[in-house]
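Colleague: A predicted structure for the sequence below; I have some questions about it.
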Amino acid sequence: MQKMQKPTVLFINRTYPPGKGATGRVLRDLAQAFARDGWAVTVLTTGIETEVIMDGTVKVKKIAAKSGKTPARYAMVWIKLLLAALMMPKYRMVVTLTDPPLLVALGRIVARVKKSSHIHWCQDLYPDILPALGMNLPLWVMDKLRRITRQSMKSCDRVVVVGRCMARHLAHTGFDMSKVSIIPNWPDYELTPAAKMRVSKNGQNGSKTKAVVSGRDIFNSRPFFLDESPKFRVLYSGNLGRAHPISTIIDAAAILQETNPEIEFVFVGDGAGFEQVAQARSKRSLDNIRLLPPQPLSRLKDLMEGGDVHLISMKHEVLGMLVPSKLYAALAAGRPCLFIGPEKSETAKVIHEFGAGTVIPQGQHRRLAEEILKFRNDGNAWFSAQNGALKASEQFVPANSFSSWIKGARETIRSRVA
């Protein structure tokens, strides 16, 4: 009996662990899930030098490329990835992400030449998002890039978006929604319900119980902040880029420094916005703001559970063009969410649907300060939002998204054969 050949898939993205980047992290998780499902998986990405390595059963081909996020660097990375992909053998399926921008057009070329199926994983909607990120290109350039992107997306067998707001944005542009699947991103494994299970000291036969916050005393010292005096911590963890406004947070911190010095704002991560926060802290003498560098994965769970409430921010101008991945980490940590951003976004809808926190329009710093104080002083409000976050975390787990992805990928291959 002839052995069935494994389906093959090529993922293409600029970043992949241990390199930084949220898209690289979810890509690695998904690539390994495909491999466990019986696919032969290859990832084409960039690195310090050109090399081929094995990440478990996933083959990773790295192309040497200089880091940087200028248009010229992006263009060079795009060309290098294209040439490398064209030199590789045929894969049954090509999956492109959105780093660098316009990667979908690269996938279109590769899929046509290799006669492969093509799925585009739309983490960010380019070029639509560029003006909101401060990249004001001439109108004729934007129109040209938009035409290239939309034509490339229309040629895909399937387009996967990460939120309902993104699907709605595409629908308003006249896109064929029969090709669109909505599959949300997910938190790091270290924060998922399975990771939060621990053996009970009083249990028998290795029985397990979920770790929960004991009592309302959320001022108890936590592992990540053991060396500090008790504080009520407002945590922002992750990238603080051009799509994430900070002025509302800074103004709220200024109000609370005068009235509630026991409340501390902690920013952990990197991005262009961290320098702005540092400058504002120094200029306005905001001693209730602390900046920390990115933390190792081994400390992620302690860090996320060390925040009493989690901040998420997003410019109104990028509605439908991205979904902050911080949402899923905050939910998985079981912490109330304070989202500064548009009401019609995926993040706002999830928070409202599960009662996992509060949505605050950009610019309303007094309202943000009031909501922080509510969670600081009202135990019922805090526990209600925590319960909502925990309920939401049961839905946004890696396995659910992996299952949707693999099912869609196999259906795409079958429809191409038929």
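Modeller: Received it, and whenever you're ready, just let me know what you need.

Colleague: Low-confidence stretches in the stretch 51-200 of the chain?
Modeller: Within the stretch 51-200 of the chain, the ranges that satisfy pLDDT under 70 run 68, 193-200.

Colleague: same thing but 50
Modeller: For the stretch 51-200 of the chain, the stretches with pLDDT under 50 are 194-200.

Colleague: what about the helices in it?
Modeller: Along the stretch 51-200 of the chain, the stretches classed as helices by DSSP state H, counting those that start in this stretch are 71-87, 103-114, 139-155, 164-172.

Colleague: so which of the ones you listed is the most packed in?
Modeller: Sort the helices of the stretch 51-200 of the chain by mean neighbour count, taking mean count of other C-beta atoms under 10 Å, and helix 103-114 sits at the top with a mean of 21. Just so you know, the C-beta spots here come from the backbone N, C-alpha and C atoms, and that holds for glycine as well.

Colleague: got the buried residues for stretch 111-131?
Modeller: Neighbour counts using 16 or more other C-beta atoms under 10 Å place 111, 114, 116-130 of stretch 111-131 among the buried residues.

Colleague: could I get the helices of the stretch 51-200 of the chain as a markdown table with distance to Phe232?
Modeller: Conversion of the helices of the stretch 51-200 of the chain to a markdown table gives the following (distance: least, C-beta to C-beta, whole Å):
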| stretch | distance to Phe232 |
| --- | --- |
| helix 71-87 | 41 |
| helix 103-114 | 42 |
| helix 139-155 | 44 |
| helix 164-172 | 31 |
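
Colleague: quick one on the thing from earlier: would you report which members of the buried residues of stretch 111-131 are assigned to strands?
Modeller: Cross-referencing those against strands under DSSP state E gives Ser117, His118, Ile119, His120, Trp121, Cys122.

Colleague: Contact partners for the third one?
Modeller: Meaning Ile119. Contacts here follow C-beta atoms under 8 Å, 6 or more residues apart in numbering; on that basis Ile119 touches Met93, Val94, Val95, Thr96, Cys156, Asp157, Arg158, Val159, Val160, Gly408, Ala409, Thr412.

Colleague: I'd like the distance between the third one and Gly241.
Modeller: Val95 sits 24 Å away from Gly241 when distances are taken as C-beta to C-beta, to the nearest Å.

Colleague: Among the two, which residue is more densely surrounded?
Modeller: Set side by side, Val95 and Gly241 show more neighbours around Val95, with 28 against 15, by other C-beta atoms under 10 Å.

Colleague: Check the gap between that one and Asp188 for me.
Modeller: Here the distance between Val95 and Asp188 works out to 21 Å (C-beta to C-beta).

Colleague: Pro296 too?
Modeller: In this structure, Pro296 and Asp188 are 12 Å apart, going by C-beta to C-beta.

Colleague: what's the answer for Ala369, then?
Modeller: Using C-beta to C-beta, one gets 30 Å for the distance from Ala369 to Asp188.

Colleague: go on, Trp121?
Modeller: Taking C-beta to C-beta, one finds Trp121 at 18 Å from Asp188.

Colleague: Wait, a helix at Thr45?
Modeller: No: assessed with DSSP: H, G, I helix; E, B strand; the rest coil, Thr45 is strand; it does not lie in a helix.

Colleague: Now for it, how many residues are close by?
Modeller: With neighbours defined by other C-beta under 10 Å, the count for Thr45 comes to 26.

Colleague: Over to the one 4 residues further on?
Modeller: Here the number of neighbours of Glu49 (other C-beta under 10 Å) works out to 8.
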